[in-house]
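Undergrad: Sequence first, predicted model second:
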Amino acid sequence: MIKSMTGFASLTRDDEVATITVAIRSVNHRFLDLQVRIPPSLSPLESRLRSAVQHSVARGRVEVSVSVQQRRTSALDVELNETFLTVLTAALDRARDAGHIAGPLGPGDLLRFPQALSIKERQDDPGIDDQLGHRIQEAVIAAVAELDTMRSREGEYLKADLDARRARLGELFERVHTVSEDGIDGLRLRLEARVRELRADALADEGLVAQEIARFVGRSDITEEVVRFRGHLQHWRALTDSAEPCGRKLDFLLQEMNREVNTAGSKAEGPSVSELIVDLKAELEKMREQVQNVE
């Protein structure tokens, strides 16, 4: 199945707990490079979010950003630094005895000393936190589904283009085969004419000359390359029709096709072979560029 590695998706979920915003961007990459950016307070969710993305994305550089604005008022804890207050009270008592200050230490006085009190957000409400975690995970899964839809839509355009180019490749290679067969027939005729000329030479061994003709003609035969190239085209269809990601396999298959084209170009006879080989290489290069974006 052909999917593009390029895509973008974003969504916002509002409820009584929080506003959750998810944005996902993906671009080309040889492997899966997944970056998850979430607030530090949600770091325990990272492994779950990664799994949600990896379930649907096999390849590409993917950036997932999650922002959360909680609506609930956090519970607070006020902690008293008793050690500091003991030392402070003793110091104030000595100052009071010396006549430097008067009156007792009141609540308002404590607020003037940041060391005396510490106010912290309470994190002991597991029901709300667990609920929020599930909603964030659901939002990420929904965003990944949107991303997958976009990548599949782009993949349809890629497949249409690649299918047309694959058909063009098949036509060009069959033309190389036809031209090569005609070239071999012409080569055989020219060599046989040359053998007839050599018959006048008493020193010429017609048997050896005939063997050389057969060997030379055999070296110009591209039947094996044609059979393998046809097999590559059939394999291409099977890969693109399969449900599995196929980008890396298609890239390897193009390398094999290029190898067959090079071999055929070095062996085939015929006046237009070189031009056809150039056209084949140009199509393969265009396909290679397109395949770089296939998951």
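TA: Nice, thanks for sending it over. Numbering: from 1, shown residues only.

Undergrad: part of a helix, is V66?
TA: No: counting by DSSP: H, G, I helix; E, B strand; the rest coil, V66 is not found in a helix; it is strand.

Undergrad: who touches it in this structure?
TA: Counting by Cβ atoms under 8 Å, 6 or more residues apart in numbering, V66 touches I20, T21, V22, V36, R37, I38, P39, L42, L49, I136, A139, V140. Quick note: C-beta positions are derived from backbone N, CA and C, even for glycine.

Undergrad: Within the sheet, what are the partner strands of the helix or strand where the fourth one lies, with directions?
TA: Assessed by DSSP states H and E, V36 sits inside strand 32-37. Partner strands for strand 32-37, per DSSP bridges, with pairing direction: strand 60-70 (parallel).

Undergrad: Quick one: the helices in the stretch 51-200 of the chain, in order.
TA: 82-97, 107-111, 126-198 (DSSP state H, counting those that start in this stretch).

Undergrad: hey, which of those is tucked in deepest?
TA: helix 126-198 (a mean of 16; mean count of other Cβ atoms under 10 Å).

Undergrad: Okay, now the unreliable bits of the stretch 51-200 of the chain?
TA: Applying pLDDT under 70 to the stretch 51-200 of the chain flags the ranges 72-75, 121-128, 185-188, 190-200.

Undergrad: Once you drop chain neighbours, what's closest to the residue positioned nearest the centre of the chain?
TA: In the chain, the residue lying closest to the centroid (Cα atoms, centre = their mean) is G60, at 1.9 Å. In space, and not counting its chain neighbours, G60 is closest to M5: 3.8 Å by Cβ to Cβ, 6 or more residues apart in numbering.

Undergrad: Also H232?
TA: H232's closest residue in space is M257 (Cβ to Cβ, 6+ apart), at 5.1 Å.

Undergrad: could you measure the one you found against A282, distance?
TA: Distance of M257 to A282, computed by Cβ to Cβ, to the nearest Å: 13 Å.

Undergrad: The two: who's more crowded?
TA: M257 (24 against 11; other Cβ atoms under 10 Å).

Undergrad: I'd guessed that one sits against L284; true?
TA: Yes: M257 lies in contact with L284 (Cβ atoms under 8 Å); the separation is 6.1 Å.

Undergrad: which residues are common contacts for the two?
TA: Common neighbours of M257 and L284 (Cβ under 8 Å, 6+ apart) are L169.

Undergrad: my guess is L280 meets V261, correct?
TA: Yes: in this structure L280 lies within contact range of V261 using Cβ under 8 Å: 4.8 Å.
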